[in-house]
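> One predicted model, sequence on top.
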Amino acid sequence: MPATILIVDDEKHTREGLSEMLEDDYDVYEARNADEAFNLLEAEEFDLVLTDLKMSGKSGLKVIDKAMAMPYRPTCIMMTAYGTVDVAVEAMKRGAFDFVTKPLHLEKLELLLQRALRSRQVEEENQQLHSRLDEKFRLDNFVGQSAALNEMLERVKLVAPSRATILVEGETGTGKELVAQAIHQNSPRARGAFVAVHCAALPANLLESELFGHEKGAFTGAMEKRIGRFEAADGGTLFLDEIGEIDASTQVKLLRFLEEHSFERVGSMKPIKVDVRLVVATNRNLAQMVKKGDFREDLFYRLNVVKIPMPPLRDRKDDIPVLIEHFIKHYAKENGLPRVRVEAETMKVLQNYRWPGNIRELRNFAENAVILHRGEKLTPYDLDRKYFGEEEEIEEKSPEIASHPLSVEENEKKLLRNALREAGGNRTKAAQLMGVSRRTLHRKLAQWPELDVGG
């Protein structure tokens, strides 16, 4: 659809001339004065308002005021033969995008309109993006109802509106960056940048430059000035993941920033002040690192203003079924595949598994189940042995106990043998009796060929 433009001018030949110039590319409306413009603004949604300043009755500044008060806020450009600086400043203060003087240079005006509309499109896209981010990182969107999760979310809700530095502690895969983003989106900085840096992924000699930037010639290979992540996050939130991996030199500069809210680029002595909220995360015990001398004690206390412990999945057993169903639904939709139903016995096994990779591991399990499993149901026989803890048990137990007839493997063999006997060797019927897919039964028979009685 073409953009809609409202031209407001009490000079008929100006209105009609502009309409004739623009009507091939835009949907153009005209108003002879401010009152007519008000009525049109109430009746239609405009992308851009091009208004004269001096008109009989109310001035063009009143038109801008009205446009800025509308829910959709059209972009406004002021036209006037009285091109004083004071008028331009006043128009901009009231929300005008730009200011042009009469007599109009039509080619320049057309370029200005195109620039204004492109700017509006970018702004709308940014608003849509922020809306999607606000929705994605709403605190009630976190999946689960366990006491451990609710306690963590309650703390996030309390600290998000503050300016406090936050330390997020937790094992790998618990969702530390997700929580950091939720803190940002639920804070007054939500419209600012959220900048994430994974400290462990960068060598020590590059991390300082990445965070604080550098001047041209600061070191070999510094061919031009570079803005660091602190400057990029000005007005927003900087998230430093794996903060325990930063070297002593970077720790010193980070401590100075926390004390003075300023820093210098590498190769510069000029302090730069920024307004950045710092959220850091670690899967290491920083207090133990301080005792060992691997982390500065003064920096630790500066970072540890508010601590948010991330509960591991083994402490959120009640959330495991909800999370599995959530991810299965997501990946089924994403891949255009049917949803797999997880049987109750299967879910019990999964709830008792320790999930050392936490939510990241569970998410990978769900994606694998959707993409690779072709049956309607996910049964215990479809699970890898590790989910039964069998591999750990075999390593820990003596050979006599590991080969005990009540082991998981022996029980599976016994169940399969009985099903095949009852089905008279018919594999399809045996699979139905066991509640597994024929593919799963074939896989088990290939693993234990001595059980195969034909069919």
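On my side now, so go ahead.
> Walk me through the domains of the protein.
Per automatic domain parsing, the structural domains of the chain span 4-131, 145-311, 314-378, 392-455.
> mind putting those in TSV, mean pLDDT and mean neighbour count included?
C-betas here are computed from N, CA, C, even on glycine. As requested, the domains of the chain are exported to TSV (pLDDT from 0 to 100; neighbours: other CB atoms under 10 Å):
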stretch	mean pLDDT	mean neighbour count
domain 4-131	86	16
domain 145-311	92	17
domain 314-378	92	16
domain 392-455	66	14
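> could you pull out the strands for the stretch 51-200 of the chain?
For the stretch 51-200 of the chain, the strands defined by DSSP state E, counting those that start in this stretch cover 75-80, 98-101, 166-169, 194-198.
> Would you mind saying which of the ones you listed lies nearest Val49?
Taking CB to CB, strand 75-80 is the member of the strands of the stretch 51-200 of the chain nearest to Val49, at 4.7 Å.
> counting contacts, what elements does that closest one pack onto?
strand 48-52, helix 60-69, helix 85-93, strand 98-101, helix 106-136 (3 or more CB pairs under 8 Å, 6 or more residues apart in numbering; DSSP states H and E).
> by contact count, what packs against the first one?
If contacts are counted by 3+ CB pairs under 8 Å, 6+ apart, strand 48-52 sits against strand 4-8, helix 34-43, helix 60-69, strand 75-80, helix 106-136.
> With distance to Tyr381 as extra columns, can I get the helices and strands packed on strand 75-80 in CSV?
Output for the helices and strands packed on strand 75-80, formatted as CSV (distance: least, CB to CB, whole Å):
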stretch, distance to Tyr381
strand 48-52, 65
helix 60-69, 65
helix 85-93, 70
strand 98-101, 69
helix 106-136, 37
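> you'd agree Lys414 is in a helix?
Yes - assessed by DSSP: H, G, I helix; E, B strand; the rest coil, Lys414 belongs to a helix.
> do you know how far it is from Pro380?
Relative to Pro380, Lys414 is positioned 14 Å away (CB to CB, to the nearest Å).
> mind listing the helices for the stretch 101-250 of the chain?
In the stretch 101-250 of the chain, the helices defined using DSSP state H, counting those that start in this stretch lie at 106-136, 147-159, 176-185, 204-212, 229-232, 248-260.
> Columns distance to Ser19 on top of these, output as TSV?
Formatted as TSV, the helices of the stretch 101-250 of the chain follow (distance: least, CB to CB, whole Å):
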stretch	distance to Ser19
helix 106-136	12
helix 147-159	53
helix 176-185	44
helix 204-212	53
helix 229-232	44
helix 248-260	55
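> for those, which one sits closest to Arg15?
Of all the helices of the stretch 101-250 of the chain, helix 106-136 sits nearest to Arg15, with 13.8 Å by CB to CB.
> out of the helices and strands packed on strand 75-80, which comes closest to Leu254?
With respect to Leu254, and counting by CB to CB, the nearest of the helices and strands packed on strand 75-80 is helix 106-136 at 26.6 Å.
> OK, contacts around the closest residue to Arg256 other than its chain neighbours?
Closest residue to Arg256 apart from its sequence neighbours, by CB to CB, 6 or more residues apart in numbering: Phe263 at 6.6 Å. By CB atoms under 8 Å, 6 or more residues apart in numbering, the contact set of Phe263 is 212, 230, 253, 256-257, 271-272, 274.
> just Thr250 next, same as before
Residues in contact with Thr250 (CB under 8 Å, 6+ apart) are 204, 207-208, 211.
> so what's Val306 bridging to?
Ile166 (DSSP bridges).
> Tell me if I'm right that it and Val159 touch.
Yes - using CB atoms under 8 Å, Val306 makes contact with Val159 at a distance of 5.0 Å.
> what about stretch 183-193, how long is it end to end?
End-to-end distance of stretch 183-193: 13 Å, with CA to CA, to the nearest Å as the criterion.
> swap in stretch 51-71?
With CA to CA as the measure, the first residue of stretch 51-71 is 19 Å from its last.
> Then stretch 298-310?
One end of stretch 298-310 sits 23 Å from the other (CA to CA).
> Enumerate every residue touching the nearest residue to Pro103 once chain neighbours are set aside.
Closest residue to Pro103 apart from its sequence neighbours, by CB to CB, 6+ apart: Ala81 at 7.9 Å. Going by CB under 8 Å, 6+ apart, Ala81 touches 54, 101-103.
> For those, give me JSON lines that also has distance to Met223.
Formatted as JSON lines, the contacts of Ala81 follow (distance: CB to CB, whole Å):
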{"residue": "Lys54", "distance to Met223": "53"}
{"residue": "Thr101", "distance to Met223": "43"}
{"residue": "Lys102", "distance to Met223": "47"}
{"residue": "Pro103", "distance to Met223": "47"}
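> what's the closest of the residues you listed to Ala193?
The nearest member of the contacts of Ala81 to Ala193, counting by CB to CB, is Thr101 at 36.2 Å.
> I'd assumed Met78 was in contact with the closest one.
No - with contact defined as CB under 8 Å, Thr101 does not reach Met78; the gap is 9.5 Å.
> Under a three-state scheme, what state does Val280 occupy?
At Val280 the chain is in strand, as set by three-state DSSP.
> For the remainder of this discussion, apply numbering that starts at 330.
Sure, I'll start numbering at 330, so the last one becomes Val609.
> Look up which residues are beta-bridged to it.
Beta bridges link Val609 to Leu496, Leu569, judged by DSSP bridges.
> mind checking how far it is from Gln450?
36 Å.
> And Ala417, by the same measure?
From Ala417 across to Gln450, the span is 24 Å (CB to CB).
> Likewise for Arg683?
Where Gln450 is concerned, Arg683 sits at a distance of 50 Å (CB to CB).
> how far away is the residue of the chain most remote from its centre from Leu762?
In the chain, counting by CA atoms, centre = their mean, Gly753 sits farthest out from the average C-alpha position, at 55.2 Å. Distance check for Gly753 against Leu762: by CB to CB, it reads 11 Å.
> again, but for His659
33 Å.
> And for Leu351?
Leu351 is 76 Å from Leu762, by CB to CB.
> who's in contact with Arg361?
338-339, 341, 344.
> what's the closest of those residues to Pro640?
Asp338 (64.2 Å).
> Isn't the closest one up against Ser348?
No - the pair Asp338 / Ser348 is not scored as a contact, 10.2 Å apart, by CB under 8 Å.
> So Val669 sits against Glu705, correct?
Yes - here Val669 lies in contact with Glu705, judged by CB under 8 Å, at a distance of 7.2 Å.
> which one is Phe586 nearest to, not counting chain neighbours?
Phe592 (4.9 Å).
> Revised request: answer the last question for Thr503.
Once flanking residues are discounted, Thr503 sits nearest to Met639: 4.0 Å by CB to CB, 6+ apart.
> Can you read off the backbone torsions of the one you found?
The phi and psi values for Met639, taken as degrees, to the nearest 10, are phi -90, psi 120.
> cool, and Gly622?
Main-chain dihedrals, Gly622, degrees, to the nearest 10: phi 80, psi 10.
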